[in-house]
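Q: Below are the sequence and a predicted model for it; my questions follow.
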Amino acid sequence: RKTSNRKSGSVYNPNMHTYLKETMLSEMNLRRGLDLNEFQLHYQPQVNCRTGEVIGFEALLRWQHPERGLIFPSDFIELAESTGLITPIGEWVIREAVKQISEWNKMGIENVTVSINLSPRHFLHHNLPFFLEQCIQEARIKPQRLVLEITENVAMEEQSAVTSRIKLLKEMGYSVSIDDFGKGYSAFIYLKHFPINEIKIDREFISELGSNMQSIGIVQTIIHLAEMLGLRTIGEGVETKEQWDILKQLGCSQLQGYYFSKPIEVNQINELFHKYGR
Ligand code: C2E
Ligand code: CA
Ligand code: CA
Ligand code: CA
C-alpha cells in the first residue's frame, strides 16, 4: 500500500519535483559548463620521497560554476560518468594538461610529469590512443611526460581489454598508474594481470601510519611487492612529517599530500617555480 502510494504520489511531491529539476539542470549545466570552458585543472605537487624535490603534479579537475562557485569532482564526476559526458570532459583534461606541459617547457621546466585521472569508460574508449597521440604531437611534447591514472575498480570483467589497452599505451610511451591501491578487495589480482608502471597507495593506509601497526605492515608489503615487480610507489594523502619519515624508511618512491601542498592553481605553481627556480 505504502509503496504504491509513494510511487503514484511522487509526481506531485514538491521535493521530488525540485530534485528532478535540479538533476536535469545539472546535466545540462555540465554540458554547458564544458562548452563555456568553466572547468579548470588544479595541480598537486608530487615529490621524491628521499629528497622532497618536486618531480611532478597530479592534475585535479575543478568546475568554476558562475552561480555555485568552485565545485569539486565528488559533486559531478558520477553524473558525468552516468551521462557519458566523462569522455568529452576527459578529453578536455588531456588537452589542458598537455597544453600546460608545453607551457612549462617554454619556461624551461622540462622534467616534471603530469598525472591525469581517466574514468574506466574513457580509458577503454576506442579513440583514446589516437586522441592522446594527436594532442601530444600538436603540442610537441613527449608521451613520457604524461601519467595516466586509473582506479582499481576498472571492471574486472573487461580484464583482457584493460590489459591490452595498458600494453598499447605503455608501448606508445605513457606511464600507467593504479590509483587508490589497496582500497578494493582484490588489489593483488590487478598486479598479477595489469602491466602497470606505478601504484598509488590509498590515503586510508597512509593516514593510519603513525597509529596502526597493521597499516605499517600493509604499506611495507605493498612497497616490497612493487619493488619486486619494478613499479614506482606513490604514498597518497601524506599530511604529517611522521608519515613522510615512515614512508621514507619503508622505501616509498614518491609522495603527495597536504603536508607538501594542496592542489593549487597553475599561477601559484608558476610563482613557486620563479621563487625557487628549477
Ligand atoms: P584521487 O585521484 O584519489 O585524487 C586525490 C584526492 O585527494 C584529491 O581530491 C585531492 O585534493 C585529495 N588530497 C590530496 N592530498 C590530500 C591529503 O593530504 N589529505 C586529504 N584529506 N586529501 C588529499 P579531489 O581533487 O577532490 O578529487 C577527488 C577525486 O575525483 C579524485 O581522487 C579522482 O578520483 C576524481 N577526479 C579528480 N579529477 C578528475 C578528472 O580529471 N577526471 C576524473 N575522471 N576523475 C577525477
Ligand atoms: Ca588520482
Ligand atoms: Ca587516489
Ligand atoms: Ca579516489
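A: That came in fine, so what should we check first? Ligands and ions are numbered 1, 2, ... in the order given.
Q: Quickly find the element holding the nearest residue to residue 84 once chain neighbours are set aside.
A: Leaving aside its sequence neighbours, residue 84 sits nearest to residue 121 (C-beta to C-beta, 6 or more residues apart in numbering; 7.7 Å). For glycine as for every other residue, the C-beta is placed from the backbone atoms N, C-alpha and C. Taking DSSP states H and E as the definition, one finds residue 121 inside helix 120-123.
Q: Output that helix as PDB, nothing but the C-alphas.
A: Only the C-alpha atoms of helix 120-123 are listed here, as PDB (Å, rounded to 0.1, in the frame of the first residue of the first chain):
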ATOM      1  CA  PRO A 120      37.400   3.400 -16.700                       C
ATOM      2  CA  ARG A 121      34.900   4.100 -19.600                       C
ATOM      3  CA  HIS A 122      37.200   6.700 -21.200                       C
ATOM      4  CA  PHE A 123      40.300   4.500 -20.600                       C
END
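Q: by contact count, what packs against the following helix or strand past that helix?
A: Following helix 120-123 in sequence order, the next helix or strand is helix 128-139 (DSSP H and E). Using 3 or more C-beta pairs under 8 Å, 6 or more residues apart in numbering; DSSP states H and E, the elements in contact with helix 128-139 are helix 86-106, helix 159-172.
Q: For the helix holding residue 121, name the packing helices and strands.
A: Checking 3+ C-beta pairs under 8 Å, 6+ apart, helix 120-123 ends up next to helix 86-106, strand 146-151.
Q: Just send those back as CSV, with mean pLDDT and distance to ligand 2 too.
A: Below are these laid out as CSV (pLDDT from 0 to 100; distance: least, C-beta to the ion, whole Å):
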stretch, mean pLDDT, distance to ligand 2
helix 86-106, 97, 12
strand 146-151, 95, 4
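Q: which parts of the helix holding residue 121 are buried?
A: 120, 122, 123 (16 or more other C-beta atoms under 10 Å).
Q: pLDDT at the closest residue in space to residue 197 that isn't next to it in sequence, what is it?
A: Leaving aside its chain neighbours, residue 197 sits nearest to residue 175 (4.2 Å; criterion: C-beta to C-beta, 6+ apart). What the model reports as pLDDT for residue 175 is 98.
Q: Enumerate every residue touching residue 175.
A: 113, 144, 146, 147, 148, 197, 198 (C-beta atoms under 8 Å, 6 or more residues apart in numbering).
Q: now those residues: which count as buried?
A: 113, 146, 147, 148, 197, 198.
Q: quick check, nearest of the contacts of residue 175 to ligand 3?
A: residue 198 (11.6 Å; C-beta to the ion).
Q: tell me the SS of the residue nearest to the closest one when sequence neighbours are not counted?
A: Using C-beta to C-beta, 6+ apart and skipping residues adjacent in sequence, the residue nearest residue 198 is residue 177, 3.8 Å away. Following DSSP: H, G, I helix; E, B strand; the rest coil, we place residue 177 in the strand state.
Q: Just confirm residue 177 contacts residue 148, I think it does.
A: Yes - at 6.8 Å, residue 177 counts as touching residue 148 under the criterion of C-beta atoms under 8 Å.
Q: overlap in contacts of these two?
A: The contact lists of residue 177 and residue 148 share residue 115, where a contact means C-beta under 8 Å, 6+ apart.
Q: name the helices or strands packed onto the helix or strand where residue 115 lies?
A: Using DSSP H and E, residue 115 sits in strand 113-117. Applying 3+ C-beta pairs under 8 Å, 6+ apart, one finds that strand 113-117 contacts strand 39-48, strand 54-65, helix 86-106, strand 146-151, strand 175-181.
Q: Repeat the analysis, applying 6 Å as the threshold.
A: With contacts taken as 3 or more C-beta pairs under 6 Å, 6 or more residues apart in numbering; DSSP states H and E, strand 113-117 sits against strand 54-65, helix 86-106, strand 146-151.
Q: what does the shortest one rub up against?
A: Right, the one you point to is strand 146-151. Defining contact as C-beta atoms under 6 Å, 6 or more residues apart in numbering, one finds that strand 146-151 is touched by 113, 115, 117, 118, 123, 174, 175, 176, 177, 179, 180.
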